[in-house]
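1. One predicted model, sequence on top.
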Amino acid sequence: CLAPESHITQHNGPTNKKLRCFLPLSGASDARLRIGGEVAELEVGKVLVWDDSFQHESWNDAKTSRTTLIFDIWHPETTAKERKFLSFLGNAQLRHQKKVVEASGNEDNFFSIIDRAQYLTVCEEELWTK
């Protein structure tokens, strides 16, 4: 979600190995996205796909929040070996970050939220099977 009257400053992904998929779900009027040198007006239900290594930024000039589903897919020219290696690196980085966060003693973090959500899902599944 992007808050009303807000701007995500220009940034880019670290590699061209993925494509970013951007699907506005609500609040797309008065919103735009710049990818490289082009500015796209957003439409609910219309997906934009681009190379994440290109510089991009986003605006929501509306008085209401904009909700967007964002997900990444492998660039079609990425080989199976590259995908396997990059997945390994990503998972190793997540495991390291989890250890660092757990060592800090802070219980309110991304990993604890995911763990609680998984626990709630298991509890919900148990209730439905009874």
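-> Alright, I've got the coordinates. Numbers count the residues shown, from 1 in each chain.
2. Tell me where the protein is predicted with low confidence.
-> In the predicted model, the chain carries pLDDT under 70 at residues 119-127, 129-130.
3. and the top helix by length along the chain, what other elements does it pack with?
-> Counting residues, the longest helix found in the chain (DSSP state H) is helix 80-104. Here helix 80-104 touches helix 110-129, going by 3 or more Cβ pairs under 8 Å, 6 or more residues apart in numbering; DSSP states H and E. C-beta coordinates here come from the backbone N, C-alpha and C atoms, glycine included.
4. what's the longest helix of the chain in contact with?
-> 15, 17, 74, 78, 109-111 (Cβ atoms under 8 Å, 6 or more residues apart in numbering).
5. Against Glu82, how distant is His34?
-> Small correction: residue 34 is Arg, not His. Per Cβ to Cβ, to the nearest Å, Arg34 is found 28 Å from Glu82.
6. Hmm, Leu2 is touching Ser58, no?
-> Yes: at 6.6 Å, Leu2 counts as touching Ser58 under the criterion of Cβ atoms under 8 Å.
7. Now Leu69. Nearest residue, chain neighbours left out?
-> The shortest distance from Leu69 to any non-neighbouring residue, by Cβ to Cβ, 6 or more residues apart in numbering, is to Leu23 (4.4 Å).
8. Next: Glu5.
-> Asp61 is the one closest to Glu5 (Cβ to Cβ, 6+ apart), at 6.3 Å.
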